[in-house]
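Engineer: structure for this input, please:
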Amino acid sequence: MKIALVAQHATPAADQADDNRVLELGRSLAGNGHQVTVYAGRHNAALPERAELEPGVTVVSIGPMDSAGSRDDAELLAQVPAFSRPLHDHWSQNRPDVVHALRWTSGLASLAAARDLRVPMVQSFDSLGVAEHRHHRSCAQDAAAERMRLEPSIGRSAHAVVAGSADEETDLTRLGVPRRSIKIIPCGVDTDEFTPEGPASKGSDRFRLVTVAGGLDETDALSTLLRAMTKVPNAELVIAGGPKHEALRDDLAYRRLAKLAHSLDLGGRVFFAGEVGRSDLPPLLRSARLCVNVGEYEPSAMASIQSMACGTPVIASAVGGHIDAVVDGTTGILVPPGHPALLATRIRQLLSHPMLLEAFSVAAVDRARSRYSLDRIAHETLAVYGKAVDSAAVSGLTSVAA
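Structural biologist: All right, here's what the predicted structure looks like:
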């Protein structure tokens with residue numbers, strides 16, 4: 001099967017979390033004998049227009065995009081026409097068997113490019129505008145309005161839609177996307193890279209907790225965690241996320257959190273690691289007794305799944321992807337967001353029962369490997385592609401008959 005992965009936002013050769021997910025999916029699909037072409041935005045003028053990253057996976061960079069390499073929704077939306085026209089040209093000359101659009105602007109571009117080519121299309125949103133609006137996630141107001149207006153139409157126009165969690169599936173059905181066209185497929189984890197075996201980062205004599213934040217601007221969640229730390233005196237906390245370590249002092253969110261940590265008398269027990277590279281993340285996760293991720297919005301639960309794969313149990317907020325990923329009382333603990341006293345109690349309970357932590361660790365690894373391995377995710381995705389191809393064929397026959 002010739003598969004087109006459309007990721008306007010990504011540069012799959014870069015060391016970025018979303019970019020790695022695109023590359024991992026492409027690699028897994030190619031490993032099952034399929035020919036994969038990733039169509040990405042040319043966010044770096046030095047990128048070649050075409051490159052084979054590995055056997056079976058080719059990246060086509062479409063651009064030039066904006067000179068600053070911006071990937072925010074407003075800029076990506078503005079570039080959709082310039083992105084979709086080359087897509088149409090590529091597919092006219094070498095028609096894929098199926099198109100899988102990743103995120104909403106990629107879906108918009110793919111629908112425009114494939115309009116007269118009768119190419120089956122699968123859509124993944126990763127995160128929906130209505131969910132981000134509900135959780136007060138910041139983005140450009142005009143782009144947010146357009147996104148919430150267009151995502152329902154994109155979802156209804158696709159032959160199949162992949163939801164990352166049951167929570168996202170519910171939102172999609174509320175937007176009018178037929179439930180029969182939705183398949184829940186979570187994000188996958190490289191269980192050869194994220195594994196209990198391997199080196200661990202050096203720690204102190206205290207119990208180490210690690211949280212992986214998408215950014216230090218997740219103020220409510222990190223403030224809750226810092227306040228909980230005041231009631232766990234025998235523990236230290238490493239916060240991974242934000243700008244690179246050397247740039248932390250220039251970051252306003254870091255300065256606010258550091259000030260809060262100082263006011264709570266947490267000096268010497270809270271460490272800001274800044275951005276943690278892909279290769280450094282597994283050793284950091286292995287060094288922790290617990291990974292604590294208590295954001296109020298979590299569409300994928302990627303960091304928690306990676307932690308589980310490393311054998312580190314998770315305490316997570318009972319929202320979004322966490323509800324699917326963390327088996328409460330088996331691989332970790334789910335807590336309501338915004339309750340520092342309760343969070344501290346759960347942390348203390350687990351740290352005081354090493355045998356329970358060990359049982360959670362074993363169960364976490366098993367769940368990560370059995371449910372979230374890249375091979376399983378690839379097979380489930382290929383099954384969706386097959387149904388999309390069949391659906392498109394039926395639609396084509398219906399159209400001809402009409």
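
Engineer: find the residue ranges of the stretch 301-402 of the chain scoring beneath the pLDDT cut-off.
Structural biologist: Low-confidence segments of the stretch 301-402 of the chain (pLDDT under 70): 395-402.

Engineer: and the contacts of stretch 169-183?
Structural biologist: Residues outside stretch 169-183 that contact it (CB atoms under 8 Å, 6 or more residues apart in numbering): 125, 128, 130-131, 151-152, 155-156, 158-163, 184, 380, 383-384, 387, 391. Every C-beta, even on glycine, is put in place using the N, C-alpha and C of the backbone.

Engineer: please redo it, this time with the cut-off set to 6 Å
Structural biologist: 128, 130, 131, 152, 155, 156, 160, 161, 162, 163, 184, 384 (CB atoms under 6 Å, 6 or more residues apart in numbering).

Engineer: closest one of the residues you listed to residue 213?
Structural biologist: If you rank those by distance to residue 213 using CB to CB, residue 131 comes first, at 18.3 Å.

Engineer: contact partners for that closest one?
Structural biologist: Taking CB under 6 Å, 6+ apart, we find residue 131 in contact with residue 171.

Engineer: please enumerate the helices of the stretch 51-200 of the chain.
Structural biologist: For the stretch 51-200 of the chain, the helices defined by DSSP state H, counting those that start in this stretch occupy 73-78, 80-93, 104-113, 129-134, 141-157, 166-174.

Engineer: need the winner for burial among these.
Structural biologist: Of all those, helix 104-113 has the most neighbours on average by mean count of other CB atoms under 10 Å, namely a mean of 26.

Engineer: max pairwise distance over the contacts of stretch 169-183: which two?
Structural biologist: Checking those with CB to CB, the most distant pair is 130 and 384, at 22.5 Å.

Engineer: can you list the contacts of stretch 169-183 in TSV and add distance to residue 248?
Structural biologist: Converted to TSV, the contacts of stretch 169-183 look like this (distance: CB to CB, whole Å):
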residue	distance to residue 248
128	31
130	33
131	29
152	40
155	39
156	44
160	42
161	39
162	36
163	35
184	37
384	41
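
Engineer: just give me the closest of those to residue 117.
Structural biologist: Of those, the one sitting nearest to residue 117 (CB to CB) turns out to be residue 160, at 17.3 Å.

Engineer: in what helix or strand does the closest residue to the closest one other than its chain neighbours lie?
Structural biologist: Nearest residue to residue 160, sequence neighbours excluded (CB to CB, 6 or more residues apart in numbering): residue 388, at 4.3 Å. Assigned by DSSP states H and E, residue 388 falls within helix 374-401.

Engineer: just how off-centre is that helix within its chain?
Structural biologist: The chain centre lies 24 Å from the centre of helix 374-401; the measure is CA atoms, centre = their mean, to the nearest Å.

Engineer: report all helices and strands that it contacts.
Structural biologist: helix 17-31, strand 98-102, strand 160-163 (3 or more CB pairs under 6 Å, 6 or more residues apart in numbering; DSSP states H and E).

Engineer: CA atoms only: put the first one into PDB for me.
Structural biologist: Right, the one you point to is helix 17-31. Below are the C-alpha coordinates for helix 17-31, written out as PDB (Å, rounded to 0.1, in the frame of the first residue of the first chain):
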ATOM      1  CA  ALA A  17       8.100  15.200  20.200                       C
ATOM      2  CA  ASP A  18       5.400  15.600  17.500                       C
ATOM      3  CA  ASP A  19       7.900  15.200  14.700                       C
ATOM      4  CA  ASN A  20       9.200  11.900  16.300                       C
ATOM      5  CA  ARG A  21       5.600  10.700  16.500                       C
ATOM      6  CA  VAL A  22       5.200  11.200  12.700                       C
ATOM      7  CA  LEU A  23       8.500   9.500  12.000                       C
ATOM      8  CA  GLU A  24       7.700   6.600  14.400                       C
ATOM      9  CA  LEU A  25       4.300   6.000  12.700                       C
ATOM     10  CA  GLY A  26       6.000   6.100   9.200                       C
ATOM     11  CA  ARG A  27       8.700   3.700  10.300                       C
ATOM     12  CA  SER A  28       6.200   1.300  11.800                       C
ATOM     13  CA  LEU A  29       4.000   1.300   8.700                       C
ATOM     14  CA  ALA A  30       7.100   0.800   6.400                       C
ATOM     15  CA  GLY A  31       8.200  -2.100   8.700                       C
END
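
Engineer: distance to residue 32 added to the helices of the stretch 51-200 of the chain, as CSV?
Structural biologist: Shown next, in CSV, are those (distance: least, CB to CB, whole Å):
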stretch, distance to residue 32
helix 73-78, 30
helix 80-93, 22
helix 104-113, 22
helix 129-134, 31
helix 141-157, 26
helix 166-174, 25
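
Engineer: helix or strand next in line after the helix or strand harbouring residue 304, which one?
Structural biologist: In the assignment (DSSP H and E), residue 304 maps to helix 302-309. Downstream of helix 302-309, the first helix or strand assigned by DSSP H and E is strand 314-317.

Engineer: give me the contacts around that following strand.
Structural biologist: Taking CB under 6 Å, 6+ apart as the rule, strand 314-317 contacts 290-295, 304, 307, 322, 326, 332-334, 337, 346.
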